[in-house]
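Visitor: model this:
(one chain, ligands or ions: 2)
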Amino acid sequence: MADAAPAPAGLLEDRLLPLLRAVPDHPVPGVTFRDITPLLGDAGALRAAVEGMAAALPAGTEYVAGVEARGFVLGAAVAVAAGAGFVPVRKAGRLPREVLAEEYALEYGTATVELHADALPAGARVVVCDDVLATGGTADAACRLVERAGGEVASVAFLLELAALPGRARLEEHGRDVRSLLRL
Ligand SMILES: O=P(O)(O)OC[C@H]1O[C@H](OP(=O)(O)OP(=O)(O)O)[C@H](O)[C@@H]1O
Ligand SMILES: Nc1ncnc2[nH]cnc12
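Guide: Ligands and ions are numbered 1, 2, ... in the order given. Predicted coordinates for the structure are as follows:
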């Protein structure tokens, strides 16, 4: 963890939001893709984002479950900053041992995520982590995986919430505690 206190939310937004680039019609027409790579490439912004997300984790978080692929980058860094372990939630067919699988719908298409069946000890306090909350389908599926593996979903953490889309409502309907560092 950093030795300095986290920056106030308004300052964080001023610093980080300009580093999220809007890409029209990617990957399909009608979708405005929010590209986080400029933020990842800026050392100070990356650190501020990771520390901000880590500071928002519920007390007693034992594991961060990051969703492939961009949830790996942030999730692993947040886990280190918070003193938690990291558990990968991967796209179908990538994990080498026995898996649990959940299918979900995306803003653009469908996909399946998987988790090693023995990834978590019973009752582990887990935060599901991803870069962007859009429709909520991915995070919803990741939460189901964590629970099927015996974990408890303490919260769901995002770098960026797309407020015009129903992701937060969907997750909250399922009883999830949603924590996003930035909103657009
Ligand atoms: O809230 P949702 O509508 O489910 O969308 C959010 C998900 O979409 C993006 O991942 P994507 O599937 O594009 O994969 P990537 O991280 O491998 O690029 C993003 O990183 C989230 O995982
Ligand atoms: N509009 C978007 N921008 C970036 N990542 C996304 N994942 C789902 N929708 C997205």
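Visitor: use CA for all of it now, contacts and neighbours both
Guide: Will do.
Visitor: who's in contact with E102?
Guide: Neighbour list for E102: T112, V113, E114, A141, A142, R144, L145 [criterion: Cα atoms under 8 Å, 6 or more residues apart in numbering].
Visitor: Are we agreed that the fifth one is in a strand?
Guide: So the one you mean is A142. No - judged by DSSP: H, G, I helix; E, B strand; the rest coil, A142 forms no part of a strand; its state is helix.
Visitor: low-scoring stretches of the protein, by residue?
Guide: Scanning the chain for pLDDT under 70 picks out 1-7, 107-108.
Visitor: just the helices in it please.
Guide: 9-16, 37-40, 43-55, 70-82, 137-148, 167-173 (DSSP state H).
Visitor: interface residues of the protein facing ligand 2?
Guide: Along the chain, the residues adjacent to ligand 2 under the rule Cα under 6 Å from any ligand atom are V31, T32, F33, R34, D35, E107, V132, A134.
Visitor: and the fifth one, how many residues sit next to it?
Guide: Going back to what we said before, that points to D35. 16 (other Cα atoms under 10 Å).
Visitor: partner residues bridging it?
Guide: Taking DSSP bridges as the rule, D35 bridges to R21.
Visitor: can you pull the contacts of it?
Guide: Counting by Cα under 8 Å, 6+ apart, D35 has contacts L20, R21, A22, V23.
Visitor: For the helices of the chain, give me TSV that also has distance to ligand 1.
Guide: Listed next are these as TSV, based on distance: least, Cα to the nearest ligand atom, whole Å:
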stretch	distance to ligand 1
helix 9-16	17
helix 37-40	11
helix 43-55	15
helix 70-82	4
helix 137-148	4
helix 167-173	6
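Visitor: what about the closest residue to V31 other than its chain neighbours, how many neighbours?
Guide: If the residues on either side of it in the chain are set aside, V31 comes closest to D25, at 4.9 Å by Cα to Cα, 6 or more residues apart in numbering. Applying other Cα under 10 Å, we find 11 other residues in the vicinity of D25.
Visitor: A82: how many residues sit nearby?
Guide: 23.
Visitor: just checking, it touches A54?
Guide: Yes - shown here, A82 and A54 form a contact pair, counting by Cα atoms under 8 Å, at 5.5 Å.
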